[in-house]
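**Q** Task: produce atomic coordinates for the following.
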Amino acid sequence: MAAGNDVTPTAYIQHHLQNLTFGNHPENGWSLAHSALEAREMGFWAIHLDTMGWSIAMGVLFIWVFRKAGKIATTGVPGKLQNAVEMVIEFIENLVQGAFHGRNPLIAPLALTLFVWILLMNTLKLIPIDYFPELFMRLGVDYMKIVPTTDPNATLGIALGAFFLILYYSIKVKGVGGFAKELSLTPFNHWALIPFNLLLEIIALLVKPFSLAMRLFGNMFAGEVIFILIAMLPFWAIWLLDVPWAIFHILIVVLQAFIFTVLSVVYLSSAHEQH
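**A** The predicted structure follows:
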């Protein structure tokens, strides 16, 4: 649905912000939603097929590129792909060395996966806003929202994965008793303040995945809305505003992937610390 005289601004915005949703509708059974109302009526267990599809596609692309770079790697003069991959790996290695103070061989590969995967998903935002929705509409698909990180389900899913690792390593490294002691005696080391400490620490713990998810989602969603608003302007204004905003947004795309990754590593580092 391209912006035009036959499409109202409200309909255009709603169309571009609607996910391709599959679920069990009270009246239609298992089907694709044909409106935002139908998507809501499908309830909690509805699946955003576009979010799932594009996030998996970016994950596969990440694996394919790095596998290809590994297969063609040489000790001689490296090619462009090998150079690029080595730069990313070195960048993540330096990040982990600076932010993680424990010993765990999983952290560096995890940080690499988070950074590159989120970066690839964010980069989809730089594709013209109407290109894939128009293409899929011609193929009979009503909605197609291609940037997974503009969907809070995706960002919260990734953040919860990091959160479960934080809990796992907190218990593994410190033990159940040690982790419980940390929650109950921090920041005030006195038995009388245990209820207050628990309240503070549990809230702080639960806020971690939520803040990770909402920070990434909020920045990507806001950028998406601005691209949509720019697309509704006259043709000459689109080029005047869209190109500078896209160039500026390259920084946001990289920065948000970096922030999510470094905070995940910092949280995992604190999970490995024994007090």
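
**Q** From Ser184, how far off is the residue located most distally from the centre of the chain?
**A** Most distant from the centre of the chain: Ala192, at 40.8 Å, with distances by C-alpha atoms, centre = their mean. Ala192 is 11 Å from Ser184, where distance means C-beta to C-beta, to the nearest Å. Any C-beta I mention is one placed from the backbone N, CA and C, and that applies to glycine too.

**Q** same deal with Gly175?
**A** Counting by C-beta to C-beta, the gap from Gly175 to Ser184 is 14 Å.

**Q** So for these two, which residue has more residues nearby?
**A** Neighbours per residue, other C-beta atoms under 10 Å: of Gly175 and Ser184, the larger number sits with Ser184, 18 against 12.

**Q** now the more buried one, nearest residue through space, not along the chain?
**A** Among residues not flanking Ser184 along the chain, Ile194 sits closest, at 4.6 Å (C-beta to C-beta, 6 or more residues apart in numbering).

**Q** so when I look at the one you found, I'm seeing a helix, right?
**A** Yes: when DSSP: H, G, I helix; E, B strand; the rest coil is applied, Ile194 is found to be in a helix.

**Q** Would you check how far apart it and Val176 are?
**A** Distance, Ile194 to Val176, using C-beta to C-beta: 16 Å.

**Q** repeat for Ile247
**A** Taken as C-beta to C-beta, the span from Ile247 to Val176 is 51 Å.

**Q** Any idea how many residues pack against Pro152?
**A** As a burial measure, Pro152 scores 16 neighbours (other C-beta under 10 Å).

**Q** wait, it sits on Arg215?
**A** No: using C-beta atoms under 8 Å, Pro152 is not in contact with Arg215; the gap is 11.2 Å.

**Q** Low-confidence ranges, the protein, go.
**A** Applying pLDDT under 70 to the chain picks out residues 1-6, 275.

**Q** residue ranges for the helices of it, please.
**A** Assigned by DSSP state H, the chain shows helices spanning 9-16, 36-41, 49-71, 80-99, 107-123, 131-138, 152-184, 194-231, 235-272.

**Q** Which one, of these, ends up nearest to Asn24?
**A** Relative to Asn24, the nearest member of the helices of the chain by C-beta to C-beta is helix 36-41, separated by 9.6 Å.

**Q** that older thread, more crowded one of Ile194 and Val176?
**A** A direct count of neighbours by other C-beta under 10 Å for Ile194 and Val176 places Ile194 higher, at 14 against 10.

**Q** Could I get the buried residue list for stretch 209-225?
**A** In terms of neighbour count (16 or more other C-beta atoms under 10 Å), stretch 209-225 has its buried residues at 209, 212-217, 219-221, 223-224.

**Q** Could the C-alpha coordinates of it be exported in CSV?
**A** Only the C-alpha atoms of stretch 209-225 are listed here, as CSV (Å, rounded to 0.1, in the frame of the first residue of the first chain):
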residue,chain,number,x,y,z
PRO,A,209,15.2,-7.9,30.3
PHE,A,210,12.4,-5.3,30.0
SER,A,211,14.8,-2.4,29.7
LEU,A,212,16.9,-4.3,27.1
ALA,A,213,13.8,-5.1,25.0
MET,A,214,12.1,-1.8,25.2
ARG,A,215,15.2,0.3,24.5
LEU,A,216,15.8,-1.6,21.3
PHE,A,217,12.2,-1.7,20.3
GLY,A,218,11.5,2.0,21.1
ASN,A,219,14.4,3.2,19.0
MET,A,220,13.7,1.0,16.0
PHE,A,221,9.9,1.6,16.2
ALA,A,222,10.4,5.4,16.4
GLY,A,223,12.7,5.3,13.4
GLU,A,224,10.2,3.2,11.5
VAL,A,225,7.4,5.7,12.2
